[in-house]
Structure formats: structure tokens, C-alpha cells
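Enquirer: Next comes the sequence, and after it the predicted model I'd like to discuss.
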Amino acid sequence: MNIYVLMKRTFDTEEKIQIDGGRIEEEGAEFIINPYDEYAIEEAIQLRDEHGGEVTVVTIGEEESEKQLRTALAMGADKAVLINTEDDLEEGDQFTTVKILEAFFEDKEADLILAGNVAIDEASGQVGPRLAERLNFACATTITSISVDGDKAQIERDVEGDVEKIETSLPLLVTCQQGLNEPRYPSLPGIMKAKKKPLEELELDDLDLEEDDVEAKTKTIEIYLPPEKEAGKVLEGEVDDQVKELVSLLQNEAKVL
């Protein structure tokens, strides 16, 4: 089975993020594998171990993304591909990402593509479904269980706190939700083996793409941190008095009534 995983290098949101001029300051920031993509990598490895084949992890980004790809290889993936856009692309969006990935998969025989449900930096959740549409793949999002039997897949997916069970066929693209599995930590032997595993680097030219072909369709105007949470108010006195004060605050200060 030819299994591919779409991976994104993201900011570690548990670390302090600095905003400068409406942009995230990258210098000194910590970067990680997008956490939802870790579920995708883990599930791909488990399916490979069960059914055979190989797992290839693909990312679009700059040279620094090699570190996260090596982590995926250390987890157990077989191959990695970095589509390096550092010299060809200043800004991109979901259209850009899908256009590049569509060109990459044009000559690939993929049975299953796994991706994270969302990326924690932008959280659009668009790339997986849009790519499936372009590749004419079946698609299931927010999956919490998957089993493959031949060219069929049984899937459970999270739907607003409930579970939907579906059956579909390969080739298939799924996006992975928390609860699908418990991603493994790279072991020391895995880290050592990862240094020798193949990591291919491509550029837009290698995919017969020009910068104009992948020009973003949207533009980020500004990025800003949410306002600091203000201290709450404690209402005192009799219940009736508290209710009157609460209603007054909601009307006059919060202006929600």
C-alpha cells in the first residue's frame, strides 16, 4: 500500500509568540510538527505495519522543515519529501498548497493520503478536502478510526460530539482528529535510522510549476494576539440585588442586552 502523509511545520503554540508589524516574529520561535499531523503519521505507520507498503511524508516549506521531516522518519516513516519554496514563493495560501500538492501527486500511485484535521496556525481545514477534490479521491474528515480491507475502508468520524460510521473505497484521503491514536515518540534507534532514510528535495521547477501558477488567492491583512483577559467581578449581597446588578452590567458595560 502506497501511503502518503501531508505534514506542516507550525509554531509551537505552547511557547510565547511575538507579533511584530502584524506578522509573527519567527526568530527565536519554536517550531514543531503540526499536532494533528502527528496522528496522521502514527496512523500511516500502523496501517503500513498491518498491510505492508511504505509511508512517505510530504511537506511544503523552507529548508528548516527538514528537521520536522527527520522527526517523522524517526517515528517510523520510510521516506520524506520537502517541496522547497523558499526561493520561489513569498506568500501562499490554501490554494497555493493544494496546487503544489496536486502537481506532486500527478504521477504518483497513492492508495491512501492522511493529513491533520487542521493546522494549529491557521486552522482552515481546507487543504485535505480541496486536494481530494482535485485528485478525484474519496474523502473523509475528522476521522477517529480507520480500518482497511482490500480496496475498502471502514471509518468512524467525529461529528459534533457524535460518531458517524461510513464505508468508502480507495484511493482515499482522510484528515485525522484527536482520539485516532496516541502518536509515538521517536526512539533512539529510530533517530539513528532516520539519518539514513531518503529525504528528497524538490522545487517548483521540478513540478513544472511557475510562481504565477501558485499565486495566493487570499491575503492576510494583519495578525494580532487576542486581548488579555480582564479580571472578573464578584457580585455580593442578596440574590435579588445580584441579579439586578448583573442585568445592569450586561446592559450598560457589556452591552449584550
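Expert: Thanks, I have it. Given the structure is predicted, the values throughout are model-derived calculations rather than measurements. Numbering: from 1, shown residues only.

Enquirer: In the protein, spot the helix with the most residues.
Expert: Identified as the longest helix of the chain according to DSSP state H is helix 35-51.

Enquirer: contact partners of that one?
Expert: 1, 3-8, 33, 54-55, 57, 72, 75-78, 112, 114-120, 146, 148, 175-178, 180-184 (Cβ atoms under 8 Å, 6 or more residues apart in numbering). The way it works is simple: take the backbone N, C-alpha and C, and place the C-beta from them, glycine included.

Enquirer: buried subset of these?
Expert: 1, 3-8, 33, 55, 57, 72, 75-78, 112, 114-120, 146, 148, 175-177, 180-181, 183 (16 or more other Cβ atoms under 10 Å).

Enquirer: re the thing from before, on the C-terminal side of the longest helix of the chain, identify the next helix or strand.
Expert: Sequence-wise, the next helix or strand downstream of helix 35-51 (DSSP states H and E) is strand 54-61.

Enquirer: contacting residues around the helix or strand following that following strand?
Expert: Downstream of strand 54-61, the first helix or strand assigned by DSSP H and E is helix 66-75. When contacts are defined by Cβ under 8 Å, 6+ apart, helix 66-75 is touched by residues 5, 7, 9, 31-33, 41-42, 45, 57, 59, 79-82, 183-187, 190-191, 193-195, 197, 199.

Enquirer: Quick one: distance of the helix or strand that comes right after helix 66-75 to the chain centre.
Expert: Reading on from helix 66-75 to the C-terminus, the next helix or strand found by DSSP H and E is strand 79-84. Relative to the chain's own centre, strand 79-84 is displaced by 16 Å; criterion: Cα atoms, centre = their mean, to the nearest Å.

Enquirer: swap in stretch 111-119?
Expert: Worked out by Cα atoms, centre = their mean, stretch 111-119 lies 7 Å from the chain centre.

Enquirer: try stretch 75-94
Expert: 13 Å.

Enquirer: what do you get for stretch 182-201?
Expert: Chain-centre distance of stretch 182-201: 20 Å, with Cα atoms, centre = their mean.

Enquirer: Output that stretch as PDB, restricted to C-alpha atoms.
Expert: What follows is stretch 182-201, C-alpha atoms only, in PDB (Å, rounded to 0.1, in the frame of the first residue of the first chain):
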ATOM      1  CA  GLU A 182      -1.500   8.000  20.500                       C
ATOM      2  CA  PRO A 183       1.500   9.300  18.500                       C
ATOM      3  CA  ARG A 184       4.700   7.600  19.400                       C
ATOM      4  CA  TYR A 185       7.900   9.400  20.500                       C
ATOM      5  CA  PRO A 186      10.900   8.800  18.200                       C
ATOM      6  CA  SER A 187      13.200   6.200  19.800                       C
ATOM      7  CA  LEU A 188      17.000   6.500  19.800                       C
ATOM      8  CA  PRO A 189      17.300   3.700  17.200                       C
ATOM      9  CA  GLY A 190      14.600   5.400  15.200                       C
ATOM     10  CA  ILE A 191      16.500   8.700  15.300                       C
ATOM     11  CA  MET A 192      19.700   7.000  14.200                       C
ATOM     12  CA  LYS A 193      17.900   5.200  11.300                       C
ATOM     13  CA  ALA A 194      16.200   8.400  10.200                       C
ATOM     14  CA  LYS A 195      19.600   9.900   9.300                       C
ATOM     15  CA  LYS A 196      20.000   7.300   6.600                       C
ATOM     16  CA  LYS A 197      16.400   7.300   5.200                       C
ATOM     17  CA  PRO A 198      15.800   9.100   1.900                       C
ATOM     18  CA  LEU A 199      14.700  12.700   2.100                       C
ATOM     19  CA  GLU A 200      14.000  14.100  -1.400                       C
ATOM     20  CA  GLU A 201      14.000  17.900  -2.000                       C
END
